[in-house]
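> coords please:
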Amino acid sequence: MKTIKRLTAVLAAASVVGIFAATFSMGASAEGKDEPPYTAWLAASIGDDQQWNAGEWQDTTATINGDGSYTVSATIPEDGGSETIEYLSLETDINVYAFVEEGGDYKTEGTLKLVIDRIYVGHFDGSETELTYNGPGDLAYCTRDDGSSARMNILNKWGGATQQTTDIDGTIPGGIMAGETINIDFTVSGISAGGGTATTAPEENKVPDSTTTSATNSDGTAATTAAGATTVSGNNSSSNSSSNSSKGGSSNSSSAKNSTTSETGDFGIAAVVLGAIATAALGVGAYTVTKRKK
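Okay, the predicted model is just below:
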């Protein structure tokens, strides 16, 4: 009987450890990729609509296999449209620390470089309205919420002391309508040059990021925008993009949605950890009482 009770206590403690490990793993944020192919996309807040992750709108992403020029675009959802842009950035999953020596500054010493070539609106009639780009600002080149993936801020009034950028004034001459596109032409260099020995961000630079899943078209096929660009995936609305508004946002993250999700995840992890500790304590206590009675 003594052996059975001891075994029961040990199994209970092992279960607690397993639950904690699984929960922590699910809450861990993804990091930038060390090897191609990489993906780039456009993040924006225009009018009442926002896209923070690829596929939340109908959009065209760029697959990056090496140095070269690329284009990303996104289509304004149905019932959307505005004369102003509240937020705009070029997002990627490229790990900046894969291109700098261990301990080096990825901004000044890394080989990876992102250059914004052109920003424009594609209209229904095939015409384009180019937006004047005055960058890059000092805080334009940075990392996403995961602390390692490359981001190029274009307009980020919510970025605080680390990412605030106003490389366009946010005004769209003539406005942009639902079904029209916002586009970014950009150039990537330094990938072919290789990188350093570091492949992960320093621990102090990592910021929790929420896990997201890109939306897909209902019929699984590519769509064509009014400006003639072939698009991949996207819905006119998404639960991932609805938690922010054009009138506010987060400081270092690309959206209040990300910070809210991260905070919620942190509370969930804390609750599981507390539950795990309580369960372990009960198991150990039960074993101790049984031993004393003997």
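> what is the burial count for residue 117?
Counted with other Cβ atoms under 10 Å, residues neighbouring residue 117 total 12. C-betas here are computed from N, CA, C, even on glycine.
> so where's the longest strand in this protein?
The residue-count maximum for a strand in the chain (DSSP state E) belongs to strand 81-95.
> so what strands line up beside the helix or strand just after that one?
Following strand 81-95 in sequence order, the next helix or strand is strand 113-122 (DSSP states H and E). With DSSP bridges as the test, strand 113-122 is paired with strand 128-130 (antiparallel), strand 181-189 (antiparallel).
> list the buried residues of strand 113-122.
Neighbour-count burial for strand 113-122, counted by 16 or more other Cβ atoms under 10 Å, picks out 113-114, 116, 119-122.
> of all those residues, which comes closest to residue 184?
Lowest distance from residue 184 to the buried residues of strand 113-122 (Cβ to Cβ) belongs to residue 119, with 5.5 Å.
> so which of the strands paired with strand 113-122 comes closest to residue 38?
In terms of Cβ to Cβ, the element of those nearest to residue 38 is strand 181-189, at 8.4 Å.
> what mean pLDDT would you report for the closest one?
In this model, strand 181-189 has a mean pLDDT of 98.
> only the buried residues of it, if you could.
Buried positions in strand 181-189, judged by neighbour count with 16+ other Cβ under 10 Å: 181-184, 186, 188.
> what angle do that strand and strand 81-95 make?
Interaxial angle, strand 181-189 versus strand 81-95 (axes from the mean of the first three to the mean of the last three Cα atoms, to 10 degrees): 30 degrees.
> which one of the strands paired with strand 113-122 lies nearest to residue 92?
Residue 92 lies closest to strand 181-189 among the strands paired with strand 113-122, at 8.4 Å (Cβ to Cβ).
> what's in contact with the closest one?
With contacts defined as Cβ atoms under 8 Å, 6 or more residues apart in numbering, strand 181-189 is touched by 40, 42, 44, 46, 64, 66-76, 85, 88, 90, 111-122, 152, 154, 176, 225-227, 229.
> got a quick PyMOL command for the buried subset of those?
In PyMOL syntax, the buried subset of the contacts of strand 181-189 is picked out as below (16+ other Cβ under 10 Å):
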select buried, resi 40+42+44+46+64+70+71+72+73+74+75+76+85+88+90+111+112+113+114+116+119+120+121+122+152+154+176+225+226+227+229
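> what's the spacing between residue 109 and residue 90?
Residue 109 sits 21 Å away from residue 90, going by Cβ to Cβ, to the nearest Å.
> residue 65 now?
The gap separating residue 65 from residue 90 is 17 Å, by Cβ to Cβ.
> where does pLDDT dip in the stretch 101-250 of the chain?
Counting by pLDDT under 70, the stretch 101-250 of the chain has low-confidence residues at 194-250.
> hey, where'd the helices end up in it?
Here the stretch 101-250 of the chain has its helices, by DSSP state H, counting those that start in this stretch, at 160-163.
> who touches residue 149 in this structure?
For residue 149, the contact set (Cβ under 8 Å, 6+ apart) comprises 31-32, 91-96, 143.
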